[in-house]
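Visitor: Below is the sequence, then the predicted model.
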Amino acid sequence: MKTLISTLALGAALLSANASACPEYLNNSMRKLASKEVINFCEAYAGKPMLIVNTASNCGYTPQFDGLEKLHKEYESKGLVVIGFSSDTFFQEENDEGDAATVCYEKYDVSFPVMATSPVRGGKANPVFKGLGEAKGYPTWNFNKYLVDAQGNVVEHFGSNVGPDDPKLISGIEGVL
């Protein structure tokens, strides 16, 4: 009986440690674009490095979806999670969420998760981008990329002009895997 109690106590401690290991900015749930599915980032991606990107459907950088999808396919088996955050902060996202989803999922054939449209800077920034912005600076335009390590530390922030195939970004990704 004493062994059982010790085992249960150890299990509870491990669960508690795991929950507290997730940074506050990731301990949030958000809805996927044009879906009812909600993702809690800590539950879904704990212990995995992430590339988090603010996206928009009508931006000159929108073709970066192709390269982001390529990164997703190339590095997913190694543990990387690519997550898009649809945003109209810079007034270049479709007004209709279904239209934004069409751009992501049909035009660019994106298979990584893209979250429902939300602000990514300022006082109304969603909690994930509030944490990213406080750690490494808020995005100044669409398609800013934030590299987050497996512990949830924001390692690096890349601007819009750093494409998905840029050697600096690739090196950063390989560094957190």
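Guide: Sure, I can see it. Numbering: from 1, shown residues only.

Visitor: mind showing which ranges of this protein have poor pLDDT?
Guide: 1-20 (pLDDT under 70).

Visitor: Helices of that one, start to end?
Guide: Under the criterion DSSP state H, the chain contains helices at 2-21, 41-45, 64-75, 97-101, 127-136, 167-176.

Visitor: got the contact list for the third one?
Guide: Think helix 64-75. Applying CB atoms under 8 Å, 6 or more residues apart in numbering, the contact partners of helix 64-75 are 51, 53, 55, 80, 82, 84, 103-104, 107-112, 143, 163-165, 173, 177. Backbone N, C-alpha and C define where each C-beta goes, glycine included.

Visitor: Mind doing that once more with 10 Å?
Guide: Under the criterion CB atoms under 10 Å, 6 or more residues apart in numbering, residues 49, 51, 53, 55, 57, 80-84, 103-105, 107-114, 142-143, 145, 160, 162-166, 169-170, 173-174, 176-177 lie in contact with helix 64-75.

Visitor: Separate out the buried members of those residues.
Guide: Burial by neighbour count, 16 or more other CB atoms under 10 Å: within those this picks out 49, 51, 53, 55, 57, 80-84, 103-104, 108, 110, 112-114, 142-143, 145, 160, 162-164, 169, 173, 176.
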